[in-house]
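**Student:** My questions concern the predicted model and sequence given below.
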Amino acid sequence: MATTDVALREAFGQREPKRVVNNMSIQVATVNGSGSQSSNTVLLRSIFQMGVPVSGKNLFPSNIAGLPTWYTIRANKDGYIARKKEIDFVIAMNAETAQEDVMSLAPGAAVLYDEPLKLNALRTDLIFYPVPYDKLVAPVCPEAKLRKLVKNMIYVGVAAQLLGIDMAEVEKALRKQFATKVKAANLNLAAVRAGFEYATANLTKHDPYSIQRMDKTTGMIIIDGNSAAALGCMFAGVTVVTWYPITPSSSLVETLIDYMKEYRIGPDGKATFAIVQAEDELAAIGMVLGAGWAGARSMTATAGPGISLMAEFAGLSYYAEVPGVVWDIQRVGPSTGLPTRTSQGDILSTAFLSHGDTKNILLLPCSVAECFTMAQDAFNLAEQFQTLVFVMSDLDLGMNNWMSDPFEYPKAPIDRGKVLTKEDLDRMGGFSRYKDVDNDGIGYRTLPGTEHPAAAYFTRGTGHNEKSGYSERPDDFEKNMERINKKFETARAFVPRPELMTGKGKAKIGIIAYGTSHWGIIEARDQLRAEYDIETDYLRLKAYPFSREVHEFIEQHERVYVVEQNRDAQMLCLIKLDIKPELVTRLRSIAHIHGLPLDARSVTDELISMEGK
Amino acid sequence: MATTTIPTPAPKINRIGLTVLDYRGGKTTLCAGCGHNAISERIIDAMYEMGVQPERVIKPSGIGCSSKSPAYFMSRSHSFNAVHGRMPSVATGAILANRKLIALGVSGDGDTASIGIGQFVHLMRRNLPIIYIIEDNGVYGLTKGQFSATADLGSKLKTGVVNDLPPIDTCAMAITLGATLVGRSFSGDKRQLHSLLKAAIAHKGTVMLDVVSPCTTFNDHEGSTKSYKYMKDHEEPLQEIGFVPAFEEINVEYDPGTTVEVTMHDGSRLRLTKLEEEYDATNRIKAITRLHEAHEKGEVLTGLFYVNPEAPSFIDMLNVTEEPLATLPESATRPGREALEQAMEELR
């Protein structure tokens, strides 16, 4: 499979190799299950420790072991960390894909390959570095069955030598990777050194790429979005977590389990949380609702197929007004789709998840830092608005490594929403669960177990009146539904506001995007400016329902490109429903559905072509 | 003529000072004679006699006639009428959130044995502290009388349709899967159901009670195996069930030759006077065998099939703190700044 969509250019002129410093994409092609993840993380961290902005994206198959997998590291001095289409430096370890990996490269790219594959015979316009892995691994790894794993560390050493990565940084990254496993660390370090020494003695550098020390990562962290979300949920005070394993969301809860065991065991040695692996997504969301109803901060994490299964309960949450948080780590649908590829394909279905007039609050994190902060926003909003809040992450954000400034400790206290206590009831005498007392659509609730004879109410998904009594009266039903809608309108002012990034002067072109598309957009805007002299303003959505800034942004721009990672322009559809009819014609869609993280060049090219330039 | 005033007797109160009226619910909207109403009455009596604080009780239910019934008892308890077949998950979440709640879940045979069988199965496995009652009439009432999966082989609908699939025995299933107090009763068997419910309240773990509850509208005719008449003719009680709550003195001796006493987790005692010489309600395998035999013989076996007062509950297994998770203060649920610092340092 080709992992790039760059056409092979036939013409190849022998160009003067000019030095390209801190600006390259390195792709490692290996076999799934061969332990290459450790090697790739070490390579990534070494560059990061050199102070160079970096991102790592794993393109992996839905398979335990044996199928091809690619890991792409982008190092970029300007801080661009979106996927880049062109691969500059390939480490070809997988015989099965090696030919195609090499054939799809642009001329001038470098190829580090396993010598017996003889890839150098394929093309004359690339720079080839053969490495005899089997010969090198034998002396450093006497145990034959470990060689398959240790072999991957050799390319780290070769790449470090060719790219000029400091071996001290490689060793530091490797020691961190193997943490307490000193023996494994030493064995792997020997393999890295063997690669480094081989390259020093046998390879002559012909490619222009190199890494040089910078200071752009000082104090920063590297984390994946799912781990960031897990931390966010822990600091948001989550108490009940119920889940069913599904790629790409599983690591969110698995990491959360680790963190909770470390930080959320009370002085009595007992857990201040309950985490339950449910029998399916139906049960996971049912438990979230039961726990939310009883007053816990409850959550689940899932992906598209799980979201579909949760539809009925989502409607119950909406209509019976029960809080809870759902993380949707989006992958490619429909159906089972591409379970290990990224997408923003659940936007429409989640916004309206369930039958009847259901509308749900969505949060749209673009970064690991936002996975952390929006976890807190999600729990607060869920309890304030007594409804499910969906956090729409994706596989690219959730499972890939991102650098980030360290997360900030939450500033605001936890907001548990409108909950009446025994003391409140003593004072009030009683309450009406679904009465709009404060003119914001949000009623007051009591928690089961509140010791007051008037505390109980009957929660139901059937028609009900203000006092939560069963009702089929048309006026009761209509009034209640209008009140719930008022809640949704109220939410517009409470959800995270979009982020506006303006260009120079008064731009006519606006771009709207959200989630991980952000990283491609910031780079594409610079490309548009540098290559076409086009200024753009950019509004990054952070939530649905939309706040007034979204309407204003569209009013202020002649043409608004909505960029997203799905086929049907799902966010654009939501915006259409929300804006004045005369503004709808301003919207244009740039949508991608290949399952690879969005790259800047695709956006730039498509925008230019739609601008008729 | 001299008049005498007859003093109004003070209303009877239970050990926590409540009258039986404090356990009542709204007026039922089920059909006259529906077995479910009788079950609601038994729940009210048992909760009253056991002196359970109504505010500590939650009443989760699914969808169907049975699942409506929590509206007709214990109005001082929170109720959650959820979605069809999914009461187990909602109840599980609520108990995880607040381990001090007493969950009394009401389901039906359609809600449990068909659409909800997946959640039912996994609830039984976990031994979550809950009383799970199936109000079992063998038909779907609200959709006008289709067979459910507990309908017996050969049972006949009013329309003449004969059921040709074997029934799911929810009791045998519950015992197999790990429920720790399992019985079957009949809505018309006041004494037996009353004792079983009191034992259920005293038990710590999953209680599964399948209560045959005739549907007077759709399944109470000749040819039905869930009718009042059929039950009166075919009910085979395994034992006489006596229940002595922990807060009562024992003043009646029993004959160990004919009666087995089981001490419950809270100190209450169950006295099972054997009608069947060999039956031992603490033996899972024998319980399952006996239930299968009953099917072979065409008996409607009732009574306490299985009890294990010692098994750890799901909440014990999770090592959850004593205080309800739902109301833990922020100081317990949000780790301090140094925790975030440490986590960040590990990621640098």
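**Tutor:** Good, I have the coordinates.
**Student:** host element of residue 291?
**Tutor:** All of this refers to chain A. A:Ala291 is part of helix A:281-293 when elements are defined by DSSP states H and E.
**Student:** could you do chain B instead?
**Tutor:** Using DSSP H and E, B:Leu291 falls in helix B:284-297.
**Student:** so what's B:Met208 bridging to?
**Tutor:** Applying DSSP bridges to B:Met208 yields these beta-bridge partners: B:Tyr132, B:Val182.
**Student:** Tell me which residues of the helix holding B:Leu291 come out buried.
**Tutor:** Neighbour counts using 16 or more other Cβ atoms under 10 Å in any protein chain shown place B:Arg284, B:Ala287, B:Ile288, B:Arg290, B:Leu291, B:Ala294, B:His295 of helix B:284-297 among the buried residues. For glycine as for every other residue, the C-beta is placed from the backbone atoms N, C-alpha and C.
**Student:** what does stretch A:451-459 give?
**Tutor:** Neighbour-count burial for stretch A:451-459, counted by 16+ other Cβ under 10 Å, picks out A:His452, A:Ala454, A:Ala455, A:Ala456, A:Tyr457, A:Phe458, A:Thr459.
**Student:** could you pick out which of the residues you listed are near chain B?
**Tutor:** With Cβ under 8 Å from any Cβ of the partner chain as the criterion, the buried residues of stretch A:451-459 include A:His452, A:Ala455, A:Ala456, A:Tyr457, A:Phe458, A:Thr459 near chain B.
**Student:** partner residues bridging the fifth one?
**Tutor:** Looking back up the chat, that one is A:Phe458. Assigned bridge partners for A:Phe458, using DSSP bridges, are B:Ser79.
**Student:** Any residues of the stretch 101-250 of chain B in contact with chain A? List them.
**Tutor:** Counting by Cβ under 8 Å from any Cβ, the residues of the stretch 101-250 of chain B near chain A are B:Leu101, B:Gly118, B:Gln119, B:Val121, B:His122.
**Student:** Now do the contacts for B:Ala94.
**Tutor:** B:Ala94 sits next to A:Gly290, A:Ala291, A:Trp293, A:Ala294, A:Pro448, B:Ile58, B:Pro60, B:Phe80, B:Leu101, B:Ala103 when contact means Cβ atoms under 8 Å, 6 or more residues apart in numbering or on different chains.
**Student:** repeat for B:Glu278
**Tutor:** By Cβ under 8 Å, 6+ apart, the residues touching B:Glu278 are B:Lys286.
**Student:** just to revisit the earlier point, now, the most widely separated pair of the buried residues of stretch A:451-459?
**Tutor:** A:His452 and A:Thr459 (16.9 Å; Cβ to Cβ).
**Student:** ok, so what distance separates the spatially most central residue of chain A from A:Trp327?
**Tutor:** Compute the mean C-alpha point of chain A, and by Cα atoms, centre = their mean the closest residue is A:Leu397, 1.7 Å away. From A:Leu397 across to A:Trp327, the span is 11 Å (Cβ to Cβ, to the nearest Å).
**Student:** Same check on A:Gly237?
**Tutor:** 16 Å.
**Student:** Compare these two (neighbour count), which wins?
**Tutor:** Neighbours were counted for A:Gly237 and for A:Trp327 using other Cβ atoms under 10 Å in any protein chain shown; A:Trp327 has more, 32 against 26.
**Student:** That one: what's it in contact with?
**Tutor:** Residues in contact with A:Trp327 (Cβ under 8 Å, 6+ apart) are A:Ala229, A:Ser249, A:Leu252, A:Met299, A:Thr300, A:Ala301, A:Thr302, A:Phe390, A:Val391, A:Ser393.
**Student:** May I have the beta-bridge partners of it?
**Tutor:** Beta-bridge pairing of A:Trp327 under DSSP bridges involves A:Ala301, A:Val391.
**Student:** Please apply the same query to the one 5 residues further on.
**Tutor:** With beta bridges defined as DSSP bridges, A:Val332 has these partners: A:Leu338.
**Student:** from what I can see it touches A:Gly595, true?
**Tutor:** Yes - taking contacts as Cβ atoms under 8 Å, A:Val332 lies within contact range of A:Gly595: 4.7 Å.
**Student:** The two: who's more crowded?
**Tutor:** A:Val332 (25 against 18).
**Student:** dump the residue contacts of the more buried one.
**Tutor:** Per Cβ under 8 Å, 6+ apart, neighbours of A:Val332: A:Leu338, A:Pro339, A:Arg341, A:Thr342, A:Ser343, A:Gly345, A:Ile593, A:Gly595.
**Student:** do A:Ile329 as well
**Tutor:** Residues near A:Ile329 by Cβ under 8 Å, 6+ apart: A:225-226, A:248-249, A:252, A:301-303, A:393-395, A:397-399.
**Student:** ok, now with 10 Å
**Tutor:** By Cβ atoms under 10 Å, 6 or more residues apart in numbering or on different chains, the contact list for A:Ile329 reads A:225-226, A:229, A:246-252, A:301-304, A:306, A:342, A:346, A:391-399.
**Student:** One more: A:Asp578?
**Tutor:** By Cβ under 10 Å, 6+ apart, the residues touching A:Asp578 are A:Arg492, A:Tyr544, A:Pro545, A:Phe546, A:Val550, A:His551, A:Ile554.
**Student:** Fine by me, we can end here.
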